[in-house]
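In: I need the structure of the sequence given here:
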Amino acid sequence: MRLLPVFLLLLLLCAPARAEQPMLLQVHPDRLVAETATGEKSFSIEVADDSYERQRGLMFRETMADDRGMLFVFQGSGQRGFWMQNTPMPLDLLFIGEDGRVRAIEHGEPFSTDSIAPPVETQFVLELKAGTAQKAGIEVGDRLRHPLIDAVADNG
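Out: Residues are numbered from 1 along each chain as shown. As a prediction, the model looks like this:
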């Protein structure tokens with residue numbers, strides 16, 4: 001009888017850690033379009049528009065299609081900071097102003113706790129697989145269009 005608590009303790013200590021599940025949001029029906037010097041590029045996006053969704057983001061996500069991304073929507077313009085803790089995929093982070101223009105493009109390293117916070121005011125952040133922004137020809141100053149962005153940009 002005394003061995004049962006010891007056995008249970010050993011079982012708990014030796015059991016593999018439960019892998020966290022990624023948050024999978026519904027894909028927004030409208031595609032996000034980047035207007036670049038080489039033409040328009042479009043992406044299917046998930047939208048993180050509440051604090052829980054913005055905190056979880058792409059944590060624990062190991063793969064994502066090349067034409068997919070996650071758009072983080074904030075209530076107002078401000079300086080934003082992100083980190084990559086619990087995120088195994090390298091990412092491009094596009095910081096977007098209330099005018100819909102890309103103000104900074106940063107790169108996120110998997111599992112890093114370093115802050116990714118460019119000194120620009122943004123209302124949206126788009127996360128894409130690492131290298132996607134460059135492959136698509138997206139540069140600082142390019143306009144991104146999506147009903148959620150346009151609702152702010154067109155009223156500004």
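
In: The spatially most central residue of the chain bridge partners, please.
Out: The C-alpha lying nearest the average C-alpha coordinate of the chain belongs to residue 127 (CA atoms, centre = their mean; 3.6 Å). For residue 127, the beta-bridge partners under DSSP bridges are residue 70, residue 93.

In: how much space between it and residue 39?
Out: Distance, residue 127 to residue 39, by CB to CB, to the nearest Å: 22 Å. (C-beta placed from N, C-alpha, C; glycine too.)

In: go on, residue 113?
Out: From residue 113 to residue 39 the distance is 37 Å (CB to CB).

In: And residue 152, by the same measure?
Out: Distance check for residue 152 against residue 39: by CB to CB, it reads 24 Å.

In: Ok, residue 79 next?
Out: 31 Å.

In: Over to residue 119?
Out: Applying CB to CB to residue 119 and residue 39 gives a distance of 30 Å.

In: Could you check how many residues crowd around residue 102?
Out: Residue 102 has 23 neighbouring residues, counting by other CB atoms under 10 Å.

In: so what's it up against?
Out: Contact analysis of residue 102 by CB atoms under 8 Å, 6 or more residues apart in numbering lists 94-96, 138-144.

In: how does it look with 6 Å?
Out: Contacts for residue 102 (CB atoms under 6 Å, 6 or more residues apart in numbering) come out as 94, 96, 140, 142.

In: what's the following helix or strand after the strand or helix carrying residue 45?
Out: Under the criterion of DSSP states H and E, residue 45 resides in strand 39-48. As assigned by DSSP H and E, the chain's next helix or strand after strand 39-48 is helix 51-56.

In: ok now that next one, how far from the chain's centre?
Out: Centroid displacement of helix 51-56 relative to its chain, using CA atoms, centre = their mean, to the nearest Å, is 10 Å.
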